[in-house]
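Visitor: Mind looking at a prediction? Sequence and model below.
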Amino acid sequence: MNWGVFEGLLSGVNKYSTAFGRIWLSLVFIFRVLVYVVAAERVWSDDHKDFDCNTRQPGCSNVCFDHFFPVSHIRLWALQLILVTCPSLLVIMHVAYREAREQKHREVAGENCRRLYPNPGKKRGGLWWTYLLSLIFKAAVDVVFLYIFHRFYKNYTLPSVVKCEIPPCPNIVDCFISRPTEKNIFTLFMVVTACLCILLSVVEACYLVGKRCRESLLSRSESSRRETRQFRSVVHNKDCSLSHGEQDSLEPGEQVFHAADCKLVTAPNIASSQIGEDVIS
């Protein structure tokens, strides 16, 4: 395994994730991948060869083992981890696609052109939907595998002794599982970590949707406020733009009050002014 490439992928996933996504990534890498690689494979390495039955009938132990262990824990966990981590890689691929498209656009239109994506890693538009769908897919994969484990192994535990009567076994025989207590501990540990990962994915999805709804409401509120201010400004300008011709058309002594911000307009009293001039002369 090339750990350099794996480290680069983890850093990319961590870069474009939220705080909940970083916690999820740490939980998956430390408590699931490392436990799987370091300990789980060794615990289940002897599950077949140490599965003993109290009979020498050829084929009986193989048939009983296949009946009680249709799919190995270790192989199911490997498939589960692969399917859980793939959506995060899709997010990285989407960001890389955006960056490549932005670079090609700048090469064609020039360096001073308008950018297609001001920040290719920002979760907006299609990238937001990709990230949200990746969270839903990861939670769904863990739920499906938990159901599969529960169907194959009741209560996620293994008994110490199983009774088998499947042909070619001659009668009801007792078969003994290798290290059942240790396997139960690791199984419950993996189940609990999977449940925590499901919870983190659901919380992160709710956080993304709630944040998007809040931003949408704020933008609508700001837009409505801006439209209200523009409407008031237009009404104010119309009410306060009374021309001198309109003033001259008023009857003597007539007053017009258009708005609270406008001044009281009074038509000039021509007769009074003429009488005053006669008296003075």
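Guide: Nice, thanks for sending it over.
Visitor: Could you use CA atoms for every contact and neighbour count after this?
Guide: Noted.
Visitor: Check Leu133 and give its pLDDT.
Guide: Looking at Leu133, its pLDDT is 91.
Visitor: give me the element it is part of.
Guide: Leu133 is located in helix 126-152, with elements delineated by DSSP states H and E.
Visitor: what about that helix, distance to the chain center?
Guide: Between the centre of helix 126-152 and the centre of its host chain there is 12 Å, according to Cα atoms, centre = their mean, to the nearest Å.
Visitor: Please apply the same query to stretch 41-50.
Guide: For stretch 41-50, the distance to the chain centre is 38 Å (Cα atoms, centre = their mean).
Visitor: can you tell me the distance between the two ends of it?
Guide: Terminal residues of stretch 41-50 are spaced 15 Å apart (Cα to Cα, to the nearest Å).
Visitor: and what of stretch 46-54?
Guide: End-to-end distance (Cα to Cα), stretch 46-54: 18 Å.
Visitor: Counting by contacts, list what the helix or strand that contains Arg75 packs against.
Guide: In the assignment (DSSP H and E), Arg75 maps to helix 73-109. Where contact means 3 or more Cα pairs under 8 Å, 6 or more residues apart in numbering; DSSP states H and E, helix 73-109 is packed against helix 3-15, helix 126-152.
Visitor: Kindly compare burial across these and name the winner.
Guide: The highest mean neighbour count among the helices and strands packed on helix 73-109, using mean count of other Cα atoms under 10 Å, belongs to helix 126-152: a mean of 17.
Visitor: what's the angle between that one and helix 73-109?
Guide: 170 degrees (axes from the mean of the first three to the mean of the last three Cα atoms, to 10 degrees).
Visitor: Tell me the helix or strand right after helix 126-152.
Guide: Next in sequence after helix 126-152, counting helices and strands by DSSP H and E, comes strand 161-164.
Visitor: hang on, Phe145 packs against Gln80?
Guide: Yes - in this structure Phe145 lies within contact range of Gln80 using Cα atoms under 8 Å: 6.8 Å.
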